[in-house]
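*Asks:* Prediction below, plus the sequence it came from.
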Amino acid sequence: MLGKLAVGEGLTVLGKNGAAAPALAKSWKQNSPTTWTFEWRKATFQDGTPVAAESAVNALDHADAAMPKPRVLSDVTFTAKDDDADTVTINTKAADPVLPLRLASPVSAILSKKAYAKDGTANPIGTGTGPLRTTKLTGTCKAAPQRRRPAGGRRWRGPWCTGRSRCPLARR
């Protein structure tokens, strides 16, 4: 639901040709068959906190620990660690050449730390990074999105705006 509503972003997004494209990660490289490094773009969560590598580690740890585990992550064993504020390294138990594609799934959205409850549930209200902010949830499949303006008067750059001069989701 988060991806469709443009509320949350993952490290990557599926590009026009079906390949992984930048989202919160501005770039990535495969260091070995089992090690990937992702570099951040500057972003801010809707609650005002900056997006940092620690945020991705926290979100990916929660996705990995979820019961049931999200299907896109169910057949991969991984650990994520923040090397510094702008870099995350993900190590997989076995070679995973499609890891950037896995991370493009909406279930891999990176939410701020306050989104996660002790019981493992996630609340996306005000904790995503997209041009729309969730203001209300009704059950598990209905939400009330609200447009938000990017900081500094800049235009939105994200999976919803790729190839467009102005994001259609954040119109004035």
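*Replies:* Received it, and whenever you're ready, just let me know what you need. Numbers count the residues shown, from 1 in each chain.

*Asks:* so where do the helices sit in the protein?
*Replies:* Using DSSP state H, the helices assigned to the chain run over residues 53-65, 99-102.

*Asks:* Between these, which one is closest to Lys29.
*Replies:* Taking C-beta to C-beta as the measure, those were each checked against Lys29, and helix 99-102 came out nearest at 10.0 Å. Yep, even glycine has a C-beta here, placed from its N, CA and C like the rest.

*Asks:* just how off-centre is that closest one within its chain?
*Replies:* Its chain's C-alpha centre lies 12 Å from the corresponding centre of helix 99-102 when counted by C-alpha atoms, centre = their mean, to the nearest Å.

*Asks:* Give me the buried stretch members for that helix, please.
*Replies:* Of the residues in helix 99-102, those with enough neighbours to count as buried (16 or more other C-beta atoms under 10 Å) are 99-100, 102.

*Asks:* and if you look at stretch 20-40?
*Replies:* Of the residues in stretch 20-40, those buried under the neighbour-count criterion (16+ other C-beta under 10 Å) are 20-25, 28, 36, 38-40.

*Asks:* Check those against Asp64 and report the nearest one.
*Replies:* Among the buried residues of stretch 20-40, and counting by C-beta to C-beta, the member closest to Asp64 is Trp36, at 14.9 Å.

*Asks:* In this model Ala20 seems to touch the closest one, though I could be wrong.
*Replies:* No. Contact status for Trp36 versus Ala20: not in contact, 10.7 Å apart, counting by C-beta atoms under 8 Å.

*Asks:* shared neighbours, these two?
*Replies:* By C-beta atoms under 8 Å, 6 or more residues apart in numbering, Trp36 and Ala20 have these common neighbours: 28, 100.

*Asks:* Now do the same contact list for Thr79.
*Replies:* Thr79 neighbours (C-beta under 8 Å, 6+ apart): 90-91.

*Asks:* now do 10 Å
*Replies:* With contact set as C-beta atoms under 10 Å, 6 or more residues apart in numbering, Thr79 has these partners: 57, 60-61, 64, 89-93.
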